[in-house]
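Trainee: take a look and give me a structure for this.
(one chain, ligands or ions: 1)
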Amino acid sequence: MISRIKGTNDIIEDSRIWEWLEGKLKNVALNFGFIETRTPIFEATELFNRSVGNETDIVQKEMYTFEDKGNRSITLRPEGTAPVMRAFIENNLLSKGLPQKLFYYGPMFRYERPQAGRMRQFHQFGVELIGSPLPIADAMTILLAIEMLKAIGLDKFKLKINSTGDEKCRPNYVEALKAYYKPFFNDLCDDCRVRYDRNVLRLLDCKKDAKYAENAPKITDYLCHDCKVHFDKLRKYLDEMEIEYEVDPSIVRGLDYYTRTVFEFKYPSLGAQDAIGGGGRYDRLIEELGGPKIPSIGFAFGIERLILALEEEGKLPKAEDLDVYIVSIDEDQRIEALKVASALSRYFKVDVDVMGRNVKGQFSYASKENARYTVVIGEEEIRTGLYTLKNMKTGEQSKVRLSEMIKEINGAK
Ligand code: AMP
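Mentor: Below you'll find the model as predicted:
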């Protein structure tokens, strides 16, 4: 037997949950005036090297990169922002004016060690608000994320925010961090010793070396005037909208392109993989990808983790029952049953026998599927056009025409 690849999942019975979730998130994004972008799932490797950053874990260790038959280096997208920004530049969306409000949904690929809530193929729903440097754009983006979490009914999440500064103030902070970590260098984990030179900010969110992070210098003490004003305004806006948050200096995010605001939604009871979503501002990314200097901000939710969190809160939608099962007395009525099913399917969830079961077998199948109604079709029903409609809950039966049947079933909904 050929099995699925480690770290991937088949979504079969849960597909209705996924559809429901995607629909809810999409609806909020559309109501805020965002439009969907669908970009390819693979891109030139260079796109991620330049955006996510050569020194990040994603680029160093986690990308699915291969050469295609034309000897091009291709990578399965590990995240959605860089592809959307590539599409923004390539399709000259700037000519349509700013802001551009885009969202995306789909599979992402990272070669990570699989565990609960961590997959090699996982799915993200993400949003990008392109064009504004103002903290009100940060506030809108965070508000949008909160509205999405509310729309799906999640309560027990926590919003953590931080500022990672900009090209003016971050270098000073990087120096301060390096000076702080230097005496512990030999005690750091293998990864952190490499990160020390390449990307020292990442030492702050290393789980193994968390004890050192506690007393590390805080970026918020190193912000330049402009970054500080930006962060203070964002906090004021969040306060005014009564959005609860915590400023957490260890939130640095694993991608290089962030500037200023970064944020994460945590769901503490999920354990080690407790980030259900995250995002931030990326004021230099479009420029670094060869476009004009356009400041932007965005975030992505991890769908698998949202589902785990919804499960925790008992908020997953229940399976919808069958509305009507059409029972045919014998073989001669099967095609009539199919015709009735076809008429009713325009209004209801219907089913009809395709296994050649006898009447008893069809009724027990209808009960197993929790059908609300059954319609029985025999010779007499075909002759008179009056069908026996049975309410499976009350046991009540009536003889009705097709048009009346639609009204009656609808009335009971
Ligand atoms: P990131 O931009 O890496 O923070 O990813 C955004 C969100 O995607 C995270 O908060 C997670 O919810 C989800 N995510 C990231 N990596 C994985 C993974 N390997 N498996 C499942 N979900 C993931």
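Trainee: ok, the closest residue to the ligand within the chain - contacts?
Mentor: Of all residues in the chain, the one sitting closest to the ligand is Gly302 (2.3 Å; C-beta to the nearest ligand atom). For every residue, glycine as well, the C-beta is placed using N, CA and C. By C-beta atoms under 8 Å, 6 or more residues apart in numbering, the contact set of Gly302 is Gly117, Phe122, His123, Gln124, Ala275, Ile276, Gly277.
Trainee: and the pLDDT at the residue lying closest to Leu93 once chain neighbours are set aside?
Mentor: Spatial nearest neighbour of Leu93, excluding adjacent residues (C-beta to C-beta, 6 or more residues apart in numbering): Gln100 at 5.1 Å. As predicted, Gln100 sits at a pLDDT of 98.
Trainee: what's the burial count for Gln100?
Mentor: For Gln100, the neighbour count with other C-beta atoms under 10 Å is 19.
Trainee: I'd say it and Ala137 touch.
Mentor: No: assessed by C-beta atoms under 8 Å, Gln100 is found out of contact with Ala137, at 11.8 Å.
Trainee: which residues do the two both contact?
Mentor: Gly131.
Trainee: how near is the closest residue in space to Glu55 that isn't next to it in sequence to Thr56?
Mentor: Counting by C-beta to C-beta, 6+ apart, the nearest residue to Glu55 once its immediate chain neighbours are dropped is Arg198, at 3.6 Å. Relative to Thr56, Arg198 is positioned 8 Å away (C-beta to C-beta, to the nearest Å).
Trainee: what residues does the stretch 1-150 of the chain put near the ligand?
Mentor: Residues of the stretch 1-150 of the chain that fall close to the ligand, judged by C-beta under 6 Å from any ligand atom: Glu79, Arg110, Glu112, Gly117, Arg118, Met119, Phe122, Gln124.
Trainee: and the two most separated of those?
Mentor: Glu79 and Gly117 (16.8 Å; C-beta to C-beta).
Trainee: so which strand or helix has Met85?
Mentor: Following DSSP states H and E, the helix or strand that holds Met85 is helix 81-90.
Trainee: what does that helix rub up against?
Mentor: Here helix 81-90 has contacts from 37, 39-40, 43, 47-48, 51-52, 77, 93-94, 100, 102, 104, 126, 128, 130, 255, 257, 282, 285-286, 289-291, 296, 298, 300, using C-beta under 8 Å, 6+ apart.
Trainee: mind running it again at 7 Å?
Mentor: 37, 39, 43, 47-48, 51-52, 77, 100, 102, 104, 126, 128, 130, 282, 285-286, 289-291, 298 (C-beta atoms under 7 Å, 6 or more residues apart in numbering).
Trainee: only whichever of these are buried, select them in PyMOL.
Mentor: Selection of buried members from the contacts of helix 81-90 for PyMOL, criterion 16 or more other C-beta atoms under 10 Å:
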select buried, resi 37+39+43+47+48+51+52+77+100+102+104+126+128+130+282+285+286+289+291+298
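Trainee: so which of the contacts of helix 81-90 sit within helices?
Mentor: Judged by DSSP state H, helices contain the following of the contacts of helix 81-90: Leu47, Phe48, Leu285, Ile286.
Trainee: identify the farthest-apart pair in the residues you listed.
Mentor: Farthest apart among these - using C-beta to C-beta - are Phe48 and Ile286, which lie 15.1 Å from each other.
Trainee: the more surrounded of Arg198 and Thr56?
Mentor: Counted by other C-beta under 10 Å, Arg198 and Thr56 do not tie: Thr56 has more neighbours, with 24 against 13.
Trainee: which residue packs closest to Asp353, ignoring adjacent ones?
Mentor: Using C-beta to C-beta, 6+ apart, the nearest residue to Asp353 is Gln362, at 5.1 Å.
Trainee: number of residues surrounding the one you found?
Mentor: Neighbours of Gln362 (other C-beta under 10 Å): 23.
Trainee: hang on, isn't it packed against Val327?
Mentor: Yes: Gln362 is within contact range of Val327, at 4.5 Å (criterion: C-beta atoms under 7 Å).
Trainee: state the mean pLDDT of the helix holding Met85.
Mentor: Helix 81-90 comes out at a mean pLDDT of 98.
Trainee: list the buried residues for it?
Mentor: Judged by neighbour count using 16+ other C-beta under 10 Å, the buried positions of helix 81-90 are Thr81, Ala82, Pro83, Val84, Met85, Arg86, Ala87, Phe88, Ile89.
Trainee: go on, stretch 397-404?
Mentor: Within stretch 397-404, the residues that count as buried by 16+ other C-beta under 10 Å are Val400.
Trainee: contact partners of that stretch?
Mentor: For stretch 397-404, using C-beta under 7 Å, 6+ apart, the contacting residues are Val340, Ala343, Gly385, Leu386, Tyr387, Thr388, Leu389, Lys390, Glu408.
Trainee: counting only helices, which of those make the cut?
Mentor: Using DSSP H, the contacts of stretch 397-404 in helices are Val340, Ala343, Glu408.
Trainee: make a ChimeraX selection of the buried ones in those residues.
Mentor: Entered in ChimeraX, the line below selects the buried ones among these, by 16+ other C-beta under 10 Å:
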select :340
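Trainee: show me the strands in the stretch 301-413 of the chain, by range?
Mentor: For the stretch 301-413 of the chain, the strands defined by DSSP state E, counting those that start in this stretch cover 324-328, 350-352, 373-377, 387-391, 397-400.
Trainee: and the first one with strand 373-377, angle?
Mentor: With axes from the mean of the first three to the mean of the last three C-alpha atoms, to 10 degrees applied, the angle from strand 324-328 to strand 373-377 works out at 20 degrees.
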